[in-house]
Every structure is written in C-alpha cells, then in structure tokens.
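> Starting from these lines, generate the structure:
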Amino acid sequence: MQVGVLRIRFRLPGNTSLKGKRQVVKPIIARIGNKFNVAVAETGDTDLWQMATIGVCYVSNDKRHVNEVLSKIADFINNSHFEIEMLDHKMEILPFFGD
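Residues are numbered from 1 along each chain as shown. Here you go, the predicted structure:
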C-alpha cells in the first residue's frame, strides 16, 4: 500500500479577515475532495488572514497512481480560477506495510 501526502501553501491576496479566508478555503477543500476523492483539510496558517496551508492524502496500491493523482491536484490548484496564489507544494509518497 502506498500513502501519498500533498501539502499546498497559498496566499489569499486582498483578504482582510478570517471569515473571508474561510469563504475562499472551504470551497477549495470541498472541490478537491469531491473531484479527486481524497481526504483534504486545512492544516496550517489557521490564524493568518492571507495565508493558508492545506493537506491532501491519497492511498493506493500503485505508487505511480498516487503520484499522478497528487500531481493533478497541484496542477488543478495552480491553474484554477480561485482567488489565490499558490506559493509552493510538497509531495511525499510513503510505503505502508500493515498487518
């Protein structure tokens, strides 16, 4: 089993409140989860108005498939028409050997 984790950090230019941030970040999280069938959550920069970090997790038997899905998510965010500027992203794929 392969577990892929993607961290995406982005800026919300022009945002002036945490409420405004939530109005932008929540729909992004929902669209990613629905479109790609992955687990998504805001994982960092929770007290900053103009910054957000989200984490995405995907599990598959095929490492290439995990890489493909997470790469598509990063491209989706980067090429989206959301009111954000993607600053960076980091992907890690870990083998998991369970009982």
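> where does the longest helix along the chain sit relative to the chain's centre, distance-wise?
Scanning the chain for the longest helix, with DSSP state H as the assignment, gives helix 18-36. The chain centre lies 10 Å from the centre of helix 18-36; the measure is CA atoms, centre = their mean, to the nearest Å.
> Show me what it is in contact with.
With CB atoms under 8 Å, 6 or more residues apart in numbering as the test, helix 18-36 has contacts from 12, 15, 38-42, 47-50, 52, 54, 56, 58, 69, 72-73, 76-77, 80, 82-84. All C-beta atoms are positioned from the backbone trio N, CA, C, and that covers glycine.
> Now which of the residues you listed would you call buried?
Buried subset of the contacts of helix 18-36 (neighbour count, 16 or more other CB atoms under 10 Å): 12, 15, 38, 40, 42, 50, 52, 54, 56, 58, 69, 73, 77, 82, 84.
> surely the first one meets T53?
No - in this structure, L12 sits apart from T53 without contact. The criterion is CB atoms under 8 Å, and the distance is 11.6 Å.
> circling back to that earlier point, tell me which of the contacts of helix 18-36 fall in strands.
Counting by DSSP state E, the contacts of helix 18-36 place 39-42, 52, 54, 56, 58 in strands.
> Present these as TSV; the columns should include pLDDT.
Rendered in TSV, the data for the ones in strands among the contacts of helix 18-36 read as follows (pLDDT from 0 to 100):
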residue	pLDDT
A39	97
V40	97
A41	96
E42	95
A52	94
I54	96
V56	98
Y58	97
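> and those residues, which two are the farthest apart?
In the ones in strands among the contacts of helix 18-36, two members sit farther apart than any others by CB to CB. They are A52 and Y58, at 19.7 Å.
> Flag the shaky bits of the protein, pLDDT-wise.
Along the chain, the parts satisfying pLDDT under 70 run over 98-99.
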